[in-house]
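Visitor: please find the sequence and the predicted model below.
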Amino acid sequence: VAELIARQYQMLVAAGKQADASALADKWIQSNPKDTTLRFQIANDLLAKKDYREAALRYKEIVAIQPLNFGALNNLAWVLHELKDVSAMSYAEKAYAIAPNNAEVLDTFGWLLHNRGDSARALTLLKQSVSIAPTNIDARMHLAKVLMGAGDKAASRKELEAVLQLGENSPLKTEAQRLLLSL
């Protein structure tokens, strides 16, 4: 049933009926306080809209209900990183401890490590992420940047070229082209 409610919510949002979607969500969450399916859908929608503050609140609700939900922990780490919140790393570490072979978790944890100055460990994790999910252009872009910082221009070029091939309609395409020109 929760999946059907999440789909109905999604359809209402897609139809531009945000008030109806919010009313549905409020009613469902109030009558099903331990269910996280719709909460996750809402949090992911907020993440996609780059409403990081609200997304963080929603992911924290999920983690309070399901402390081992690595997807929520991972996404919470990402939005907190975007908000420049130092607690982001602790959530990334928890997600990694639970799901050390998940490509998205590896990407997030690797990128946060890089931003913290641990590029050697970040490189290992990002390479692993890309090997698991070779079409993940975010992970490839992160890997390209870490490789560039390490002075490995050839490997960085390879990753940036993959971003260009995979990211037809991605905003990362412009960034990849710019970085290629700087190599």
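Guide: Ah, there it is.
Visitor: which residues in the chain form helices?
Guide: Along the chain, the stretches classed as helices by DSSP state H are 2-14, 18-31, 37-48, 52-65, 70-82, 88-98, 103-116, 119-132, 137-149, 153-166, 172-182.
Visitor: take the ones you listed and write them to JSON lines, including mean pLDDT and mean neighbour count.
Guide: C-beta: built from backbone N, CA, C; applies to glycine. What follows is the helices of the chain, written out as JSON lines (pLDDT from 0 to 100; neighbours: other Cβ atoms under 10 Å):
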{"stretch": "helix 2-14", "mean pLDDT": "88", "mean neighbour count": "15"}
{"stretch": "helix 18-31", "mean pLDDT": "91", "mean neighbour count": "14"}
{"stretch": "helix 37-48", "mean pLDDT": "92", "mean neighbour count": "20"}
{"stretch": "helix 52-65", "mean pLDDT": "97", "mean neighbour count": "19"}
{"stretch": "helix 70-82", "mean pLDDT": "98", "mean neighbour count": "24"}
{"stretch": "helix 88-98", "mean pLDDT": "98", "mean neighbour count": "20"}
{"stretch": "helix 103-116", "mean pLDDT": "97", "mean neighbour count": "23"}
{"stretch": "helix 119-132", "mean pLDDT": "97", "mean neighbour count": "19"}
{"stretch": "helix 137-149", "mean pLDDT": "95", "mean neighbour count": "23"}
{"stretch": "helix 153-166", "mean pLDDT": "93", "mean neighbour count": "18"}
{"stretch": "helix 172-182", "mean pLDDT": "88", "mean neighbour count": "14"}
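Visitor: now the most far-flung residue of the chain relative to its centre: how far from residue 69?
Guide: Largest separation from the mean C-alpha position in the chain: residue 31, at 28.8 Å (Cα atoms, centre = their mean). Remark: distance between residue 31 and residue 69 (Cβ to Cβ, to the nearest Å) = 21 Å.
Visitor: cool, residue 94 as well?
Guide: From residue 94 to residue 69 the distance is 10 Å (Cβ to Cβ).
Visitor: could you check how far the spatially most central residue of the chain is from residue 91?
Guide: The residue lying closest to the centre of the chain (Cα atoms, centre = their mean) is residue 75, at 5.0 Å. Distance, residue 75 to residue 91, using Cβ to Cβ: 9 Å.
Visitor: and what of residue 149?
Guide: Distance of residue 149 to residue 91, given as Cβ to Cβ: 24 Å.
Visitor: and if you look at residue 20?
Guide: For residue 20 relative to residue 91 (Cβ to Cβ), the value is 32 Å.
Visitor: equivalent analysis for residue 99, please.
Guide: According to Cβ to Cβ, residue 99 and residue 91 sit 13 Å apart.
Visitor: quick one on the thing from earlier: who touches the residue nearest to the centre of the chain in this structure?
Guide: The contact partners of residue 75, taken as Cβ atoms under 8 Å, 6 or more residues apart in numbering, are 43-44, 47, 55, 59.
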